[in-house]
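Chemist: need a structure here:
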Amino acid sequence: MGAAGMRNPRGLRMKLKYQKYYIILFTIILVGVITTGLFQFWPHSIDSEQNQHGYMIRDLSSLTEVQIPSTLPVPEKGDITCRHHSCLNVYKCGEVNKITVYIYPLRKYVDDNGIPISGQMSREFHEVLSAISESQYYVSDPERACLFVPALDLLNQNTLRVHEMGQVLGQLSRWSGGTNHLLFNMLPGTIPDFNTVLDVPKGKAVVAGGGFSTWTYRPGFDVSIPVFNPEVAKIQLPSISDSAPRKYLAISAQMGIHSDYRADLDSIAAVDDKFLVLDKCQEESITKLCHGNKQYKYPHVLQEATFCIVLRRSRLGQAALSDALQANCIPVVISDSYVMPFAEVLDWQRAALIVEEERLMELPSILSKISPQRIQSMLRQGRFYWQKYFKSMRDITLTTLQVLNDRVFPYNGKSYEYWNEPTPRVGVTSPLFAPVIPPKAQGFTAVVLTYNREQSLFTLITQIALTPSLTKILVVWNNQDKQPPAVEKWPKINKPLKVVQTKANKLSNRFYPYDEIETEAILAIDDDIMMLTPDELEFGYEVWREFPDRIVGYPGRLHVWDDKTSKWKYESEWTNDISMVLTGAAFYHKYFSYLYTHKMDKEIKTWVDEHMNCEDIAINFLVANYTGKPPIKVTPRKKFKCPQCTNTEMISADLKYMEERSECIGVFEKVYGMMPLKTVPFRADPVLYKDNFPDDLKRFPSIGSL
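Modeler: Prediction:
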């Protein structure tokens, strides 16, 4: 009891001592939380124009007013000789693979008398500034900037005073003659001249303009942009199919075109009811046009035509081009010297017809010759351009910046496919860019399709096993009535050999993406291809490694148009061109096996399996359609079959078989809606193939001549 009584006071003192520490610690934490809350939620001022998060557009009625004296100097009108490397200081663009863009603070500029130099900022220019400030290119620090955008609405020259606006530009803190400055303008010129470029004195500034001609456009420096029609763009149009029939072949729906042009169009429409010519109604309206006393809703009426005529008016650039794309109508641009929007990157031949003004009266003949297949392709391309580049000021602005970024960092620039391939594509991109799993083994897998030719199969296996880069041989046994030979009968080789037996005798079995194939490269080869040497196979594989998105192989064939029958014809004779390499002996990427099996049109696969023919033509169609590229024939050899095989065994010697192959080209073209096969006049041979060198100095000495 005494010991216990002595411990209690000490424990109480220690408890009280640490309790003080707990109270102090709790007080510190509480003060920290309260202080943080005060800083977080207490009202405090920020820079109302620019901060670390972006460009803040203030209340336009309370902008800081800046007076521009009439005595201020005016910049040079504009250097027509400017090019990317002469007037743009790329050394300011120090960010990695990305331009940086700074926007000047918003100000209200007035003259000596306090009169505004420009009108109120338009909604469209507000969208331009917002798009830039929210983009990956924007920086709030001018020291980091590659390009400078004045916060001056120059989109419509009619709303500003040209001379005074030049003075405003000249007094900007980093103007420096306009170097590395970007100006946006859609409607250049004023009455009566209507110049094709902004008249404001602009020095060496880059102009993103909506009405360039080839005389005023500075290639590789300026950017041609579309003329945007905000009142029409906000209208929701019904979706229509590209293949849906349309009432009119062509429509002209522009007001104020030259009287000579209108007279020509009226004369065409007078004799051809497939042409409709519209003009303004008595009560003018943006959304209504008239033909005589009949009213049409605009732009809805454009959807009733296949082609929409876009004629020059006072200005070269016309909103009618954007309106046509919005309505999914193919633009027919009749405006000599007009630089099409984003012509530097967009392939307008795929989406529009460019017709010379002097050929206006030939329109019925020109348009009637456009094939249905091309029309559908152009409609799809135009819809893609509208959705990606034209449908809003934001899209136009970001596209402009991407074009400029590609110029400054060309090695990191977007590809032709990025700019011009509709998404989703009718197919996919090259397997070189496909998300395929890295191979488990290097080299190639030989896939041999066989049915009942054991001796030739064994001979083939023995020969191809000598190829250095061969990783595995996969035999696809396509005979369900007979089991594959016993293990002891197969040739003894130093490479893995695997046999799979199919459940049905189908030619498409050769293109199945078997799990046993662990390489990217596949050598598809028939069991009777006896004459290819290991050197020829190794060289073919080396060529495929350089062109993994092509079919690379040996038997070349050609498709030709037969004028007598008006049909496609399969040509197997020796020719100067090829458009197919048959997969009786060819390398291709395993990715195409996946596409053939799981993605290719069912009608084509059914036709191949029912006719037991044309699987090799089908995969040539597939690869050409998905990549837009022709195959590559390697080595000069043209004879491949085994010498001992008779014609009755060689199915390709059958006349009916050849006629069927011509037929299947026509069937496949109909399914695709076009002819995807590409023709080329060359093949690949080893460098020293024809040179008079000793064979031991050649890497591939055993290359057959036929």
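Chemist: neighbouring contacts of stretch 317-326?
Modeler: Contact with stretch 317-326 is made by 186-187, 196, 209-212, 226-229, 232-233, 237, 253-254, 298-299, 302, 308, 310-312, 330-331, 333, 335, 338, 341, 351-352, 382-383, 385-386, 390-391, as judged by Cβ atoms under 8 Å, 6 or more residues apart in numbering. C-beta here means a position set from N, CA and C on the backbone, and glycine is covered the same way.
Chemist: try 6 Å this time
Modeler: Around stretch 317-326, the neighbours that count as contacts under Cβ atoms under 6 Å, 6 or more residues apart in numbering are 210-211, 226-227, 229, 232, 254, 299, 308, 310, 331, 382, 385-386, 390.
Chemist: Check stretch 135-152 too.
Modeler: Surrounding stretch 135-152, the residues in contact under the criterion Cβ under 6 Å, 6+ apart are 50, 92-93, 99-104, 106, 132, 174, 180-182, 401.
Chemist: Max pairwise distance over those residues: which two?
Modeler: Of all pairs drawn from the contacts of stretch 135-152, the one with the largest separation by Cβ to Cβ is C93 and L106; the distance is 24.8 Å.
Chemist: thinking again about what came up before, mind checking which of the contacts of stretch 135-152 are buried?
Modeler: Buried members of these, counted by 16 or more other Cβ atoms under 10 Å: 50, 92-93, 99-104, 106, 132, 180-182, 401.
Chemist: Show me those that map onto helices.
Modeler: Among those, the residues falling in helices (DSSP state H) are I132, L401.
Chemist: Tell me which entries of the buried ones among the contacts of stretch 135-152 lie within strands.
Modeler: Within the buried ones among the contacts of stretch 135-152, residues falling in strands by DSSP state E are Q50, V101, Y102, I103, L182.
Chemist: so where do the strands sit in the stretch 201-350 of the chain?
Modeler: In order along the chain, the stretch 201-350 of the chain carries the following strands (DSSP state E, counting those that start in this stretch): 206-209, 223-224, 248-252, 275-277, 288-291, 294-297, 305-311, 330-334.
Chemist: Residue nearest the middle of the protein, spatially speaking?
Modeler: Y418 (2.7 Å; Cα atoms, centre = their mean).
Chemist: how close does that one sit to P341?
Modeler: 17 Å (Cβ to Cβ, to the nearest Å).
Chemist: pLDDT below threshold where in this structure?
Modeler: 1-22, 25-26, 31-60, 423-441, 573, 638-654, 697, 704-706 (pLDDT under 70).
Chemist: Could you tell me the end-to-end distance of stretch 446-455?
Modeler: Distance between the boundary residues of stretch 446-455 (Cα to Cα, to the nearest Å) amounts to 18 Å.
Chemist: That stretch: which residues count as buried?
Modeler: A446, V447, V448, L449, T450, R453.
Chemist: How about stretch 513-522?
Modeler: Neighbour counts using 16+ other Cβ under 10 Å place P513, Y514, I517, E518, T519, E520, A521, I522 of stretch 513-522 among the buried residues.
Chemist: ok so, going back, make JSON lines out of the strands of the stretch 201-350 of the chain and add mean neighbour count and distance to R161.
Modeler: Written out in JSON lines, the entries for the strands of the stretch 201-350 of the chain read as follows (neighbours: other Cβ atoms under 10 Å; distance: least, Cβ to Cβ, whole Å):
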{"stretch": "strand 206-209", "mean neighbour count": "27", "distance to R161": "18"}
{"stretch": "strand 223-224", "mean neighbour count": "26", "distance to R161": "25"}
{"stretch": "strand 248-252", "mean neighbour count": "24", "distance to R161": "36"}
{"stretch": "strand 275-277", "mean neighbour count": "22", "distance to R161": "38"}
{"stretch": "strand 288-291", "mean neighbour count": "18", "distance to R161": "34"}
{"stretch": "strand 294-297", "mean neighbour count": "14", "distance to R161": "38"}
{"stretch": "strand 305-311", "mean neighbour count": "26", "distance to R161": "31"}
{"stretch": "strand 330-334", "mean neighbour count": "23", "distance to R161": "33"}
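Chemist: now those strands as CSV including distance to P548?
Modeler: As requested, these are arranged in CSV below (distance: least, Cβ to Cβ, whole Å):
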stretch, distance to P548
strand 206-209, 39
strand 223-224, 35
strand 248-252, 44
strand 275-277, 49
strand 288-291, 53
strand 294-297, 52
strand 305-311, 39
strand 330-334, 36
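Chemist: out of the buried residues of stretch 513-522, which are inside strands?
Modeler: Among the buried residues of stretch 513-522, the members falling in strands are A521, I522 (criterion: DSSP E).
Chemist: Of the buried ones among the contacts of stretch 135-152, just say which sits nearest to L688.
Modeler: Distance ranking of the buried ones among the contacts of stretch 135-152 against L688, using Cβ to Cβ, places C93 first at 46.1 Å.
Chemist: Quick check: that closest one touching V408?
Modeler: Yes - in this structure C93 lies within contact range of V408 using Cβ atoms under 6 Å: 5.0 Å.
Chemist: Could you count how many residues lie near Y91?
Modeler: 8 (other Cβ atoms under 10 Å).
Chemist: Which of the strands of the stretch 201-350 of the chain sits closest to Q463?
Modeler: Going through the strands of the stretch 201-350 of the chain one by one, with Cβ to Cβ as the measure, strand 330-334 comes closest at 54.7 Å.
Chemist: So what's the residue count around Y298?
Modeler: Close neighbours of Y298, defined as other Cβ under 10 Å, add up to 18.
Chemist: doesn't T287 make contact with it?
Modeler: Yes - using Cβ under 6 Å, Y298 makes contact with T287 at a distance of 5.3 Å.
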